[in-house]
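A.B. asks: one predicted model, sequence on top.
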Amino acid sequence: MTEPTSTPAERPVGGDAPLLQVRDLHVDFSSGGKPVHAVRGVNFSVYPGQTVAVVGESGSGKSTSAQAVIGLLPGNGKVVGGQVLFDGQDIAHASKKEFVALRGRHIGLVPQDPMSNLNPVWSIGFQIREALEANGLAKGAAAKERAVELLEEAGLGDAARRAKQYPHEFSGGMRQRALIAIGLSSRPRLLIADEPTSALDVTVQRQILDHLDTLTAEMGTAVLLITHDLGLAAERAEHLVVMYKGQVVESGPALEILQRPQHPYTQRLVSAAPSLASRRLESVHRAEVVEHAREHAVEAHERVAGGTHAAVGADTATPNVIEVRNLVKEFHLRGSGLRGETLRAVDDVSFSVRRGTTTAVVGESGSGKSTVAQMVLSLLPVTSGSVLFDGVDLTELDRKQLFEFRRRVQPIFQNPYGSLDPSWSIFRTVEEPLRVHGVGDAKSREARVRDLLEKVSLPASSLRRFPNELSGGQRQRVAIARALALNPEVVVCDEAVSALDVLVQGQILTLLNDLQAELGLTYLFITHDLAVVRQIADDVVVMEKGRLVESATTDEVFESPKQAYTKALLEAIPGGSIRLGA
Amino acid sequence: MGWYIGRRLLQMVPVFFGATLLIYALVFLLPGDPILALFGERPASPAAVAELRERYNLDEPFIVQYLLFIKGIFTLDFGESFSGRPVIEQLAEAFPVTIKLALIALAIEAVFGIAFGFLAGLRRGGLFDSTVLFLSLVVIGIPVFVLGFTAQYLFGVKWGVVDPTVGGDPTFAELLLPGAVLGALSFAYVLRLTRNSVAEALSADHVRTATAKGLGRPRVVTVHVLRNSLIPVVTFLGADLGALMGGALVTEGIFNVPGVGRLLYQAVIRSEGPTVVSVVTVLVLVYLLANLVVDLLYAVLDPRIRYV
């Protein structure tokens, strides 16, 4: 453990005594009698006007430390040791009344998830006004006026009208701006920003962070930035505090830590940081994988030929396993009156996926990328255009052929917490597709499940376990094993690694890459994260608002993006401009 | 909004016809001949029977009887009971009493249920919470007639606080005790529902954000917790209003309240088709309207719900 070293050089102007000093902080959670030590002896300081980032993966205790500072630990959490000095006063055990006086007025908070952090039943203006009134800054009509000013200041256009609206009428980015307006409404000296943008699209994320930077610099507000994203932390903070399992493993000036990480954990974090420097993961020669995939397809055809689907010969294994042609999807929204509106979620999209390669579909939320995935999986009917799988139009498949198609194309979804049935054991989950498709007998199925778990590097002991006993990364491995059970040719990964911590994300990507080489798989990879694209994809399809913006090989897109939108996406990757250590 | 209400009212038309047809058919299929039952032990002259049959359209086929009944409803002629009283007169007497009774019960369960549930939810696991939860279980467990007779005996007979029975054209004060008995069961449900809803809302992210803004606890729990937790409670109360109107049978019997429950019970015993069908039809309409009001109340409580 490294003590926070604050050399005079990195102290910002105007402050010699730290505004916030956390000394040997210990926080325990009592769950079922046994206390869990979530934070164990954490030290760090924030000087007036300085931005300090606390970085760590989920469960590292970074958010818990911040909650202890502002007295917002969940009911079963408790500060059991150490000091939190705010302006020289220990507030680790402050009374409820003292905290009410501190919160908002002296320490502001910008919370993580803009979707759940605004009260849905009150207008935005009301929620800002309320903060002003509670902190005795304005009342009545003056508070109303001030709320509009604050919204404007947070970068929201048409603020007077917006103040009267409710959270559900705001996009994620706008909600986060409203939350920033609330956090800064009473001009606190310290602002705790707990993952303020991790739920937002990269381009929006960048705008919001830039704006937050400008505001806090103008007001001289110190910022305690909590984030899991090392690149983002380095870009936004002067001082980094790296946490791991409840302890600070390293702290110091941001650039120094990135370029010369001392602690092994930090080193792993830095090397796993998905930055622009990372390359396509290589296993064996790509050409071999493609050849392997072709063989795999031929085998599949032979299997099928004896069965239901004799029309397609073994020699027709096309190089483009999936072809999407002029795909359109329209949704009818309920509008006022008898006629609703039509939303064109996917607008004339065409691309193809070469066998044995990975094609990434990239875009921000609302770009229609997941809708494309669902149509490729034939989970959603197309409005017009077509999806060709192995040269056959999906809309022309009858029930039996569709069943066979499902065997050859399998999905992996984003949320490993939601996509596994919590009341089913891992064995039952992985075995289910085999049972549904009537593969083998009970004994051979069990052998197959064991083999699959081994492939995704899960211990055999997890067979009898349940999803809630596994970590997020392990659950995603189960989802991969389930997808591979039927020996598919194509796997559609819809944001398959987005919910995972960066180190786990790296492991899963490596696993997917190895499996591709071993089994000759073709991936259609849906993601919002360009850094992930660089690591796994051969071809990239960029989508914006339902339209295809750019479609090229990964190298072309990253080295010479043709479209402005693609460039904007690339620039928005946090930490993209920073050279990481070796 | 106008569209929405219009659509909902239109939806009531098929429900109205479906419900009346079903109930009419059930009454029609009841065993026994109502005319013969009317004569009781006395011998019935075939001429008199035939005359009565014609008067009440009992000699027509089922569907004609039904259509005649529907025609009557639209001209506000609900027919008459065998005693010769127009059904509409009976309805006009019974419904105001039951509506009063149901509203008293609803007010009691809403006010006390929400208040106790709110306090219990704020301090989940505390002494107040445990006590209130236990008592609510007891209330749920006791059958309504036991509760009714006990209350009648204690308050009406032993202590003499109120009249043990109510009788014709009751005042609000007279209906308080029956109303409390009627609302007791739902009170327990409202309490438990509010408690859980409040406890859940307390751990919402936006409540934490409200606290972080510097709001004091009283404001956080009233402005940010209570309003959000009322939505499921309002659903329950709305559905319950319908149940209270039709389900007051036992309570009305115990306290001799001349309401809908008693009217319906007597009509069923006497196989008085027109009365049964009329009462139930009105109850169905009240139920549908109560649900419409609940849905509109949603929009008041939750701005995310907009009816278009």
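C.D. replies: Now that the structure is in, tell me what you want to look at. Residues are numbered from 1 along each chain as shown, chains lettered A, B, ... in the order given.

A.B. asks: per-domain residue ranges of the chain.
C.D. replies: Just going to use chain A. A:1-106+A:188-273, A:120-187, A:286-571 (automatic domain parsing).

A.B. asks: let me rephrase: I mean chain B.
C.D. replies: According to automatic domain parsing, the ranges for chain B are B:2-74, B:92-301.

A.B. asks: contacts only, for residue B:258.
C.D. replies: Going by CB atoms under 8 Å, 6 or more residues apart in numbering or on different chains, residue B:258 touches B:93-94, B:97, B:166-170, B:252. C-betas here are computed from N, CA, C, even on glycine.

A.B. asks: same thing but at 7 Å, please
C.D. replies: B:93-94, B:97, B:168 (CB atoms under 7 Å, 6 or more residues apart in numbering or on different chains).

A.B. asks: avg pLDDT for stretch A:552-561?
C.D. replies: The average pLDDT for stretch A:552-561 rounds to 88.

A.B. asks: what does that stretch rub up against?
C.D. replies: Counting by CB under 7 Å, 6+ apart, A:280, A:533-534, A:537-540, A:550, A:566-567, A:570 sit against stretch A:552-561.

A.B. asks: buried subset of those residues, written for ChimeraX?
C.D. replies: Typed into ChimeraX, the line below selects the buried ones among the contacts of stretch A:552-561, using 16 or more other CB atoms under 10 Å in any protein chain shown:
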select /A:533,534,537,538,539,540,550,566,570
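
A.B. asks: okay, and which of the contacts of stretch A:552-561 map to strands?
C.D. replies: A:539-540, A:550 (DSSP state E).

A.B. asks: in the stretch 401-550 of chain A, which residue sits closest to chain B?
C.D. replies: residue A:417 (17.2 Å; CB to the nearest CB).

A.B. asks: count of neighbours near that residue?
C.D. replies: Using other CB atoms under 10 Å in any protein chain shown, residue A:417 is surrounded by 14 other residues.

A.B. asks: how about the one 4 residues further on?
C.D. replies: For residue A:421, the tally of surrounding residues (other CB under 10 Å) stands at 12.

A.B. asks: how close does it get to residue B:81?
C.D. replies: 58 Å (CB to CB, to the nearest Å).

A.B. asks: residue A:406 in helix, strand or coil?
C.D. replies: The three-state assignment at residue A:406 reads helix, by DSSP: H, G, I helix; E, B strand; the rest coil.

A.B. asks: show the backbone phi and psi for the residue nearest to it when sequence neighbours are not counted.
C.D. replies: Spatially, and ignoring its direct neighbours in sequence, residue A:406 is nearest to residue A:378 (7.8 Å; CB to CB, 6 or more residues apart in numbering or on different chains). For residue A:378, the backbone dihedrals are phi 60, psi 30 (criterion: degrees, to the nearest 10).

A.B. asks: pipe the contacts of stretch A:552-561 into a markdown table and attach distance to chain B per row.
C.D. replies: Compiled in a markdown table, those are given as follows (distance: CB to the nearest CB, whole Å):
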| residue | distance to chain B |
| --- | --- |
| A:280 | 38 |
| A:533 | 31 |
| A:534 | 33 |
| A:537 | 34 |
| A:538 | 40 |
| A:539 | 39 |
| A:540 | 35 |
| A:550 | 37 |
| A:566 | 34 |
| A:567 | 35 |
| A:570 | 32 |
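
A.B. asks: so which of the domains of chain A gets nearest residue B:231?
C.D. replies: In terms of CB to CB, the element of the domains of chain A nearest to residue B:231 is domain A:120-187, at 8.6 Å.

A.B. asks: gap between the two ends of that closest one?
C.D. replies: 25 Å (CA to CA, to the nearest Å).

A.B. asks: show me the contacts for residue B:167.
C.D. replies: residue B:256.

A.B. asks: pLDDT score for it?
C.D. replies: 73.

A.B. asks: surely it is in a strand?
C.D. replies: No - assessed with three-state DSSP, residue B:167 is coil; it does not lie in a strand.

A.B. asks: phi, psi of it?
C.D. replies: Residue torsions, per degrees, to the nearest 10, at residue B:167 are phi 80, psi -170.

A.B. asks: chain A versus that one, what's the distance?
C.D. replies: 46 Å (CB to the nearest CB, to the nearest Å).

A.B. asks: what about whichever residue of chain B sits closest to chain A, how many residues nearby?
C.D. replies: Distances between chain B and chain A by CB to the nearest CB are smallest at residue B:214, namely 2.5 Å. Residue B:214: 28 surrounding residues under other CB under 10 Å.

A.B. asks: and residue B:245, by the same measure?
C.D. replies: 24.

A.B. asks: and it, what helix or strand is that in?
C.D. replies: Take DSSP states H and E as the rule and residue B:245 turns out to sit in helix B:227-246.

A.B. asks: what's the helix or strand following that helix packed up against?
C.D. replies: Downstream of helix B:227-246, the first helix or strand assigned by DSSP H and E is helix B:249-254. In this structure, helix B:249-254 makes packing contacts with helix B:144-151, helix B:172-202, helix B:260-269, judged by 3 or more CB pairs under 7 Å, 6 or more residues apart in numbering or on different chains; DSSP states H and E.

A.B. asks: if I look at residue B:291, how far off is residue B:104?
C.D. replies: For residue B:291, the distance to residue B:104 - CB to CB - is 21 Å.

A.B. asks: quick one: the strands in chain B, in order.
C.D. replies: Read by DSSP E, chain B holds no strands at all.

A.B. asks: pull the longest helix from it.
C.D. replies: helix B:87-122 (DSSP state H).

A.B. asks: can you list the buried residues in that one?
C.D. replies: Quick answer for helix B:87-122 (16+ other CB under 10 Å): B:87-88, B:90-91, B:93-95, B:97-106, B:108-110, B:112-114, B:116-122.

A.B. asks: pull the number of nearby residues for the residue of chain A at minimum distance from chain B.
C.D. replies: Across chain A, the shortest distance to chain B (CB to the nearest CB) belongs to residue A:104, at 2.5 Å. Around residue A:104 sit 27 other residues, with neighbours defined as other CB under 10 Å.

A.B. asks: list the contacts of it.
C.D. replies: Taking CB under 7 Å, 6+ apart, one finds A:131, A:134-135, A:186, A:188, B:212-214 in contact with residue A:104.

A.B. asks: and it, how far from residue A:179?
C.D. replies: 13 Å.

A.B. asks: excluding covalently adjacent residues, which one is nearest to the residue of chain B closest to chain A?
C.D. replies: Closest to residue B:214 by CB to CB, 6+ apart is residue A:104, at 2.5 Å.

A.B. asks: and the pLDDT for that neighbour?
C.D. replies: If you check residue A:104, the pLDDT there is 91.

A.B. asks: now do the one 3 residues further on
C.D. replies: In the predicted model, residue A:107 carries a pLDDT score of 94.

A.B. asks: helix or strand with the lowest mean pLDDT in the chain?
C.D. replies: If you meant another chain, say so; for now it's chain A. Here the helix or strand of chain A ranked lowest by mean pLDDT, DSSP states H and E is helix A:286-305, holding a mean of 65.

A.B. asks: chain B is the one I meant
C.D. replies: The weakest-scoring helix or strand in chain B, judged by mean pLDDT, DSSP H and E, is helix B:34-39 (a mean of 68).

A.B. asks: can you check the distance spanned by stretch A:383-403, start to finish?
C.D. replies: Distance across stretch A:383-403, first residue to last, is 21 Å (CA to CA).

A.B. asks: quick one: mean pLDDT over it.
C.D. replies: Stretch A:383-403 comes out at a mean pLDDT of 90.

A.B. asks: tell me which parts of the stretch 1-150 of chain B are close to chain A?
C.D. replies: residue B:3 (CB under 7 Å from any CB of the partner chain).

A.B. asks: I'd say residue A:378 and residue A:395 touch.
C.D. replies: No - the pair residue A:378 / residue A:395 is not scored as a contact, 8.5 Å apart, by CB atoms under 7 Å.

A.B. asks: neighbour-wise, which of the two wins?
C.D. replies: Higher neighbour count among residue A:378 and residue A:395: residue A:378, with 17 against 13, using other CB under 10 Å.

A.B. asks: and that one, what's its pLDDT?
C.D. replies: 91.
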